[in-house]
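>>> build the 3D model from these lines:
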Amino acid sequence: MTSRRAFVADHMAVLPYGHNVEALRLFEAELRSRDIDVTTLVCAALPKGIEGAEDYARVLTYPYNGHVEAIRKYRDFPKVAGNKISKLRRLRDKALWMGADAAGLDGMGRRVRANWLEVIKRYGITGTDWIFMPSVDHYGLLCLMQVLQTLPADRRPSVHGRMIGVMESFSYARGAARTRLLTAVRDAQKAGVRVSLSAETPVYQDYLTSVLRQDVGYLTYPCIAPYKPIDWGRRPFQLTSPGQGRADKGYFGLAAISDALKVHFKRGQVMLSTQGMRKDDTYFSRAYEARLAAKIDLNVRAARLSSDEINAMYRHAHVLVLPYARDIYALRGSAVYQEGLAHGRLVVTYDGTGVASMVKRYGNGVCVKDDRALAEAVHQLSQRPAAWVHDVTRRARDAYEADFATSFDAVLDAAFKGRG
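Below is the predicted model:
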């Protein structure tokens, strides 16, 4: 039997923290458990010495200078470049690449296509292989589709892109980037390239199926941690909002949420823990930080925490609070949600998001309209018996694992059908 080769590629796995690197580890392990030979491709910008990433091939070109600056400030992690220097470099890079595109040069596209050709040649990738992108980005998938159409049919690997609703929608060109990417996928399929897509959330799956007028799978990522039911009777009642403090994740709504919780809980009965906002974040506000620091029942931790520290936040939490922005997260899911589900935690989030569509699918939480409803939902959950909580969270995890196993096996069957 011919060895099955998979190349797992992620152009956005460039930071020494975050969920892209973690997702690569999880998918890599799943593939190896199925006796598939795996090579993981990341950008040269990913620093050395990251646990679990020692064998990653740092061969991809990073396509988003000026938008998400990875290269310029993370080589000496956790040291961060000064704010003014960072902004000047970002503006310079953005002007460079947007200017090239406006001049009809497609500068970044040319760069990424050349890189894909080099990678395909270096690893001898052929029609018997599979390229899997667990967190699709615009240039990575778009340029791969364009390159494969220039190759003979027997040298075209099959491709699968897992759409997560983050970097599909960014390019240096004007216009709707996601529409351009989906059009490129359809064009590649018509040209004989074997490319398929899946979505991280049910609502994104429905959207893509409607737009593409073809079957689009639903693919979460593997459970990150063993199920550990919370000691439900322990007090104070612990809420947590893991992940770096960001405006799109509702960081600037935490003060209002803290105030709303006071309507239902007495002082000392509840504690909300979150990670702070980076000082080099565009939206960082010293005044708001001072406001949060003054709240007795709100614990703002460091912006950057180790994996062990983040896992501790999950273990100690009774409920996850995810007040994500509806416009940005309309289709998007949440690695925090998926990690919380794996640990066996309940969730309260705003409705109208991709995260909410997952909560409704697995039934491990409540979707609400605003901060007052969120506080009320948290209080109602706190009154639930432990047996109910453990049953709901266990069932949610079992359903999630079953979804992943079924979907991933279907993706693999299609990728390697008739090829060893």
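
>>> residue 382 and residue 318 touch, don't they?
Yes. Between residue 382 and residue 318 there is a contact under Cβ atoms under 8 Å: 7.1 Å. For the C-beta atoms, the positions are set from N, CA and C on the backbone; glycine is no exception.

>>> more crowded one of those two?
Neighbour count, other Cβ atoms under 10 Å: between residue 382 and residue 318, residue 318 has more, with 23 against 19.

>>> what's the overlap in contacts for residue 382 and residue 318?
Taking Cβ atoms under 8 Å, 6 or more residues apart in numbering as the contact rule, residue 382 and residue 318 both touch residue 237.

>>> all strands of the stretch 101-250 of the chain, in order?
Ranges of strands in the stretch 101-250 of the chain, per DSSP state E, counting those that start in this stretch, are 130-133, 158-163, 195-199, 217-218, 237-241.

>>> how about those in a markdown table, adding mean neighbour count, mean pLDDT and distance to residue 55?
Formatted as a markdown table, the strands of the stretch 101-250 of the chain follow (neighbours: other Cβ atoms under 10 Å; pLDDT from 0 to 100; distance: least, Cβ to Cβ, whole Å):
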| stretch | mean neighbour count | mean pLDDT | distance to residue 55 |
| --- | --- | --- | --- |
| strand 130-133 | 24 | 98 | 17 |
| strand 158-163 | 24 | 98 | 21 |
| strand 195-199 | 23 | 97 | 26 |
| strand 217-218 | 20 | 96 | 28 |
| strand 237-241 | 23 | 96 | 33 |
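
>>> dump those strands to a markdown table, plus distance to residue 38.
Converted to a markdown table, the strands of the stretch 101-250 of the chain look like this (distance: least, Cβ to Cβ, whole Å):
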| stretch | distance to residue 38 |
| --- | --- |
| strand 130-133 | 9 |
| strand 158-163 | 14 |
| strand 195-199 | 18 |
| strand 217-218 | 20 |
| strand 237-241 | 33 |
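
>>> report the buried residues of the lowest-mean-pLDDT helix or strand in the chain.
The helix or strand of the chain with the lowest confidence, counting by mean pLDDT, DSSP states H and E, is helix 83-102 at a mean of 76. Using 16 or more other Cβ atoms under 10 Å as the test for burial, helix 83-102 gives 86, 89-90, 93-94, 97-98, 100-101.

>>> now swap in stretch 282-298 and tell me
Going by neighbour count (16+ other Cβ under 10 Å), the buried part of stretch 282-298 is 284, 288, 292, 295, 297-298.

>>> check stretch 220-240 too.
Buried residues in stretch 220-240, counted by 16+ other Cβ under 10 Å: 220-224, 227, 230, 232, 237-240.

>>> closest to residue 26 out of these?
Nearest to residue 26 among those is residue 222, at 4.3 Å by Cβ to Cβ.

>>> next up, the contacts around the closest residue to that closest one other than its chain neighbours.
Spatially, and ignoring its direct neighbours in sequence, residue 222 is nearest to residue 26 (4.3 Å; Cβ to Cβ, 6 or more residues apart in numbering). Listed by Cβ under 8 Å, 6+ apart, the contact set of residue 26 reads 221-222, 224.

>>> can I get these in JSON lines with pLDDT and distance to residue 353?
Shown next, in JSON lines, are these (pLDDT from 0 to 100; distance: Cβ to Cβ, whole Å):
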{"residue": "221", "pLDDT": "91", "distance to residue 353": "18"}
{"residue": "222", "pLDDT": "94", "distance to residue 353": "22"}
{"residue": "224", "pLDDT": "87", "distance to residue 353": "21"}
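
>>> ok, so of those, who is nearest residue 401?
The closest of those to residue 401 turns out to be residue 222 (Cβ to Cβ; 8.3 Å).

>>> if I look at the closest one, how far off is residue 64?
26 Å (Cβ to Cβ, to the nearest Å).

>>> same question, residue 241
From residue 241 across to residue 64, the span is 26 Å (Cβ to Cβ).

>>> pLDDT of stretch 314-322, averaged?
For stretch 314-322, mean pLDDT is 96.

>>> repeat for stretch 377-386
98.

>>> then stretch 350-360?
On average, the pLDDT along stretch 350-360 is 97.

>>> buried residues of that stretch, list them for me.
Buried residues in stretch 350-360, counted by 16+ other Cβ under 10 Å: 350-359.

>>> where strands are concerned, which of those count?
In this view, the buried residues of stretch 350-360 that belong to strands under DSSP state E are residue 350.

>>> the buried residues of stretch 350-360 into TSV, with extra columns for distance to residue 409?
Listed next are the buried residues of stretch 350-360 as TSV, based on distance: Cβ to Cβ, whole Å:
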residue	distance to residue 409
350	33
351	32
352	32
353	28
354	23
355	25
356	27
357	23
358	20
359	25
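
>>> now, which of the buried residues of stretch 350-360 lie within helices?
Using DSSP state H, the subset of the buried residues of stretch 350-360 located in helices is 354-359.

>>> ok, now which ones touch the residue nearest to residue 41 when sequence neighbours are not counted?
Nearest non-adjacent residue to residue 41, counting by Cβ to Cβ, 6+ apart: residue 9, 4.2 Å away. The neighbours of residue 9, taking Cβ under 8 Å, 6+ apart as the test, are 40-42, 60, 131-133, 140.

>>> how about a cut-off of 10 Å?
Counting by Cβ atoms under 10 Å, 6 or more residues apart in numbering, residue 9 makes contact with 24, 39-43, 57, 59-60, 116, 119, 131-137, 140-141, 144, 159, 161.
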